[in-house]
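# no sequence for this one, just the structure:
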């Protein structure tokens with residue numbers, strides 16, 4: 001994904017879009033793309049859009065053959081749409097969040113099995129879904145399940161972002177109108193040189 005974006009010169013455009021406060025949702029490799037920091041990168045590294053104050057471990061769960069599904073507890077951000085108290089997460093050569101800044105909201109965690117935790121220096125869980133402002137990232141693939149709550153959450157984030165932008169524009173227009181309304185009209189000021197030219 002990053003290679004294609006670099007090849008076509010899309011990195012600055014995508015960064016500008018995300019930095020402008022527009023909603024963006026990255027799944028799996030998209031989570032890596034939105035991260036500020038990453039570990040376990042392929043040789044030569046990879047371009048990151050950034051925006052999410054997280055460090056991701058690329059292929060945290062292993063190779064393609066280690067892909068799996070797991071039920072995870074549903075955060076209140078999902079349960080507000082009804083449904084079960086859990087959701088099915090499909091991990092395909094997935095990353096995981098190994099560090100998150102204070103502004104990052106963790107929406108889903110995966111509890112490591114004992115054998116996984118043993119290789120992680122005592123870490124017992126990793127974040128697999130996070131949100132920071134208008135940015136959302138999931139290490140799993142909600143599009144491969146029938147549970148639409150992650151999609152509904154993102155649609156609502158887009159709607160809220162649009163509503164906030166419209167309100168900010170209306171407030172700016174009102175302020176501009178009030179400034180114009182209290183300022184006296186411009187009066188022409190002509191010097192003697194102007195008046196004598198006739």
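That came through, no problem. Because the structure is predicted, anything quoted here is derived from the model rather than measured. Residues are numbered from 1 along each chain as shown.
# buried stuff in the helix or strand hosting residue 168?
Using DSSP states H and E, residue 168 sits in helix 149-182. By 16 or more other Cβ atoms under 10 Å, the buried positions in helix 149-182 come out as 149-150, 152-154, 157. The way it works is simple: take the backbone N, C-alpha and C, and place the C-beta from them, glycine included.
# Report the strands that pair with the helix or strand harbouring residue 90, each with its relative direction.
Applying DSSP H and E as the criterion places residue 90 in strand 86-91. Strand 86-91 pairs in its sheet with strand 68-73 (antiparallel), by DSSP bridges.
# pLDDT averaged over the strand it pairs with, what's the number?
Strand 68-73 shows a mean pLDDT of 96.
# From the chain's centroid, how far away is it?
22 Å (Cα atoms, centre = their mean, to the nearest Å).
# Tell me the first helix or strand C-terminal of that strand.
With DSSP H and E, the next secondary element past strand 68-73 is helix 76-79.
# what's that following helix packed up against?
Contacts defined by 3 or more Cβ pairs under 8 Å, 6 or more residues apart in numbering; DSSP states H and E place helix 76-79 against helix 149-182.
# before we move on, back to that, chain center to the helix holding residue 168, what's the gap?
With Cα atoms, centre = their mean, you get 19 Å for helix 149-182.
# Just the element for the closest residue to residue 6 other than its chain neighbours, please.
Spatially, and ignoring its direct neighbours in sequence, residue 6 is nearest to residue 47 (5.4 Å; Cβ to Cβ, 6 or more residues apart in numbering). Residue 47 belongs to no helix or strand when assigned by DSSP H and E.
# picking that back up, against which helices or strands is the helix holding residue 168 packed?
Checking 3+ Cβ pairs under 8 Å, 6+ apart, helix 149-182 ends up next to helix 76-79, strand 135-138.
# The residue nearest in space to the middle of the chain pairs with what?
In the chain, the centroid-proximal residue (Cα atoms, centre = their mean) is residue 135; its distance is 1.7 Å. Beta bridges link residue 135 to residue 24, residue 132, judged by DSSP bridges.
# didn't it look like it was pressed against residue 24?
Yes - contact status for residue 135 versus residue 24: in contact at 5.4 Å, counting by Cβ atoms under 8 Å.
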